[in-house]
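Novice: heads up, no residue letters with this:
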């Protein structure tokens, strides 16, 4: 069973940057595809980005392209989400998740972290 713990969220002004981290334990991290999702108040949890096991493939949601970058360090059992040029509409709880399949659907992800709050002020 994989345990995931996110960190790095906080309050930032519009145009600022944050780097989220997600530390994994309890399982073979390099065996999992890793994804980031987010959920704003009253909204569905939505896909942000995904990275394959050895970082050969990534995919980012349209709203994040050019601003967010997913990466991972298998030696550190950690996946990252670098977020630049943040906007107030990026305010949400951000979750990392682990899957045995590559994709953007929430249904593919078996393990989830508890989330980290990102708040962007205007």
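Specialist: Thanks, I have the structure now. Small disclaimer: the values here were computed from a predicted structure and weren't measured.

Novice: what's the burial count for residue 91?
Specialist: 18 (other C-beta atoms under 10 Å). For the C-beta atoms, the positions are set from N, CA and C on the backbone; glycine is no exception.

Novice: roughly how far apart are it and residue 122?
Specialist: Separation of residue 91 from residue 122 (C-beta to C-beta, to the nearest Å): 10 Å.

Novice: how about residue 86?
Specialist: The value you get for residue 86 to residue 122, if C-beta to C-beta is used, is 11 Å.

Novice: what does residue 18 give?
Specialist: Going from residue 18 to residue 122 by C-beta to C-beta gives 16 Å.

Novice: could you pull out the strands in this structure for me?
Specialist: Along the chain, counting by DSSP state E, strands occupy 3-7, 10-13, 18-25, 33-39, 46-51, 58-60, 68-73, 78-83, 92-99, 109-112, 116-121.

Novice: my read: residue 99 touches residue 33, true?
Specialist: Yes. Using C-beta atoms under 8 Å, residue 99 is in contact with residue 33, at 4.6 Å.

Novice: got the contact list for the most centrally placed residue in the chain?
Specialist: The centre of the chain sits closest to residue 36, judged by C-alpha atoms, centre = their mean, with a distance of 2.5 Å. Contact analysis of residue 36 by C-beta atoms under 8 Å, 6 or more residues apart in numbering lists 20, 22, 48, 49, 50, 70, 79, 81, 94, 95, 96, 97.

Novice: the third one: how many residues sit nearby?
Specialist: Think residue 48. Neighbour number of residue 48 under other C-beta under 10 Å is 25.

Novice: sounds good, over and out.
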